[in-house]
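Peer 1: got a structure for you, letters missing:
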Ligand SMILES: [Mg+2]
């Protein structure tokens, strides 16, 4: 048995669409498309059920195009609150196996299961149990990849979707990676793939024939990472605090917007939403970013890192406005977003009572999962208790 296959990547299959099929059983087996903006042809597809994917519909496709390809599908607006609720249930299941859970998005996570084998068996066995628990608890299906690192685990979870469980053993790495399209490499987007295709490179095997210098020339500072990834080398750790790495909100307008003043009004509203969320989480951050999408679907992002850590609406808006003013607004704008990253906790927590958890976010996740299981009052931070004392 190989004992260093400790990384698991889990990805829910067609998550939003599957939740809809779960809650409305008459949708089972039907083409279901979940999308945004009241589905008035201006939004994009968030998730398409596998039945809809047969027609070529995929996420990020404009709804208008999806309706041409698959006019008979059931089109539904998303229900974020419900998806978050189920997502939390899923993450609590993952936390039953290990606190080493990195939440990548609402329906994706990495686990490091080193040290869990005595209790749960091999990583493959853990994968099986996770799939079983999620199915029992939520009725949903996921795909899992098991390997020695994040890159390979993520590749694995994608190989046999839906309902897959793929282990990539160390002696199979080249065999698995070589025939894959370069598009399968996380981080290689459409543009990069096109650039590679233009010079005759379609498969990972071909990319491996390139010298390191050539890769660096093509991809700049990402060259080294890429050089390593395609050889199955990836030293990135499972990082349990990634969930709170950035917080953002965006809005798609009912009608495209031309005037800066009106854009700023929306930016202020979004700044309020974002800062309310970070204050609620008692976080502060010092990287501010904005995103602008025009009516031709061109996306522009701008970011700035400042010295001071902020959490006030005024501060976020002030820097967001500066960034927006730097964007050349050629076409009418259909979407604007603002967010804050490089987050950290606002107040130092009293952690000595919980010395086992020296990482704060791990601490928070554990606290949250205990609260979810046993109710809100079951556990309180040392600082909260101290404050109660002071108020006496
Ligand atoms: Mg998914």
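Peer 2: Structure's in. What do you need? Since the model is a prediction, treat every value here as computed from it, not as a measurement. Numbering: from 1, shown residues only.
Peer 1: Which helix in this structure has the most residues?
Peer 2: Identified as the longest helix of the chain according to DSSP state H is helix 260-280.
Peer 1: and it, how far out from the chain's middle?
Peer 2: 22 Å (Cα atoms, centre = their mean, to the nearest Å).
Peer 1: Pull out the buried positions in it.
Peer 2: Buried residues in helix 260-280, defined by neighbour count with 16 or more other Cβ atoms under 10 Å: 263, 264, 266, 267, 268, 269, 270, 271, 274, 275, 277, 278. Yep, even glycine has a C-beta here, placed from its N, CA and C like the rest.
Peer 1: Which residues are in contact with the residue in the stretch 101-250 of the chain positioned nearest to the ion?
Peer 2: Closest approach between the stretch 101-250 of the chain and the ion, counting by Cβ to the ion: residue 107, at 4.4 Å. Residue 107 makes contact with 11, 12, 15, 83, 87, 90, according to Cβ atoms under 8 Å, 6 or more residues apart in numbering.
Peer 1: ok, of the residues you listed, which one's closest to residue 219?
Peer 2: Lowest distance from residue 219 to these (Cβ to Cβ) belongs to residue 11, with 25.2 Å.
Peer 1: Name whatever forms a beta bridge with the closest one.
Peer 2: Per DSSP bridges, the residues bridged to residue 11 are residue 108, residue 143.
Peer 1: before we move on, the earlier item: if I look at the residue of the stretch 101-250 of the chain closest to the ion, how far off is residue 21?
Peer 2: 15 Å (Cβ to Cβ, to the nearest Å).
Peer 1: for residue 149, same thing?
Peer 2: Distance, residue 149 to residue 21, using Cβ to Cβ: 33 Å.
Peer 1: So for these two, which sits in the more crowded spot?
Peer 2: Taking other Cβ atoms under 10 Å, residue 149 and residue 21 do not tie; residue 149 has more neighbours (24 against 21).
Peer 1: was I right about the more buried one contacting residue 231?
Peer 2: No - the criterion here is Cβ atoms under 8 Å, and residue 149 misses it with residue 231 at 11.2 Å.
Peer 1: Run the angle between whichever helix or strand residue 342 is part of and helix 260-280 for me.
Peer 2: Taking DSSP states H and E as the definition, one finds residue 342 inside strand 333-345. Following axes from the mean of the first three to the mean of the last three Cα atoms, to 10 degrees, one obtains 30 degrees for the angle between strand 333-345 and helix 260-280.
Peer 1: And the strands in the stretch 151-300 of the chain, which stretches?
Peer 2: Using DSSP state E, counting those that start in this stretch, the strands of the stretch 151-300 of the chain run over residues 165-167, 246-257, 283-294, 299-310.
Peer 1: The longest helix of the chain vs strand 283-294, what angle?
Peer 2: 150 degrees.
Peer 1: Contacts for helix 260-280 next, please.
Peer 2: With contacts defined as Cβ under 8 Å, 6+ apart, helix 260-280 is touched by 247-251, 253, 257, 284-285, 290, 311-313, 316-317, 320-321, 324-325, 329, 333, 336-340, 343.
Peer 1: Can you flag the buried ones in the residues you listed?
Peer 2: Here, 16+ other Cβ under 10 Å leaves 247-251, 253, 257, 284-285, 290, 311, 313, 316-317, 320-321, 324, 329, 333, 336-340, 343 buried among the contacts of helix 260-280.
Peer 1: Domain ranges for this structure, per the record?
Peer 2: The chain breaks down by automatic domain parsing into domains covering 1-167, 178-229, 242-345, 352-391.
Peer 1: now those domains in JSON lines, with mean pLDDT?
Peer 2: Listed next are those as JSON lines, based on pLDDT from 0 to 100:
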{"stretch": "domain 1-167", "mean pLDDT": "92"}
{"stretch": "domain 178-229", "mean pLDDT": "88"}
{"stretch": "domain 242-345", "mean pLDDT": "89"}
{"stretch": "domain 352-391", "mean pLDDT": "40"}
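Peer 1: Which of the ones you listed sits closest to residue 236?
Peer 2: Across the domains of the chain, closest to residue 236 is domain 1-167 (Cβ to Cβ), at 5.3 Å.
Peer 1: Up against the ion, what does the stretch 51-200 of the chain have?
Peer 2: Those residues of the stretch 51-200 of the chain that sit near the ion, judged by Cβ under 5 Å from the ion, are residue 107.
Peer 1: Where do the helices of the stretch 51-200 of the chain begin and end?
Peer 2: The residue ranges that make up the helices of the stretch 51-200 of the chain, judged by DSSP state H, counting those that start in this stretch, are 63-69, 80-97, 117-120, 123-138, 150-159, 173-177, 190-198.
Peer 1: which one of those is the most hemmed in?
Peer 2: helix 150-159 (a mean of 24; mean count of other Cβ atoms under 10 Å).
Peer 1: Give the other helices and strands that that helix contacts.
Peer 2: strand 7-12, strand 108-112, strand 142-147, strand 165-167, helix 173-177 (3 or more Cβ pairs under 8 Å, 6 or more residues apart in numbering; DSSP states H and E).
Peer 1: Mind checking what helix or strand follows the first one in sequence?
Peer 2: Next along the chain after strand 7-12, taking DSSP H and E as the criterion, comes helix 15-23.
Peer 1: Just want the angle from that following helix to strand 7-12.
Peer 2: Using the same axes, to 10 degrees: helix 15-23 against strand 7-12 is 60 degrees.
Peer 1: Okay, buried residues for helix 15-23 please.
Peer 2: Quick answer for helix 15-23 (16+ other Cβ under 10 Å): 15, 16, 17, 18, 19, 20, 21.
Peer 1: circling back: would you reformat the strands of the stretch 151-300 of the chain as a markdown table and include distance to residue 236?
Peer 2: Listed next are the strands of the stretch 151-300 of the chain as a markdown table, based on distance: least, Cβ to Cβ, whole Å:
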| stretch | distance to residue 236 |
| --- | --- |
| strand 165-167 | 20 |
| strand 246-257 | 17 |
| strand 283-294 | 20 |
| strand 299-310 | 21 |
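Peer 1: and residue 182, which of those is closest to it?
Peer 2: Across these, closest to residue 182 is strand 165-167 (Cβ to Cβ), at 19.5 Å.
Peer 1: Please point out which parts of the closest one sit buried.
Peer 2: By neighbour count on 16+ other Cβ under 10 Å, the buried set for strand 165-167 is 165, 166, 167.
Peer 1: Lovely, talk soon.
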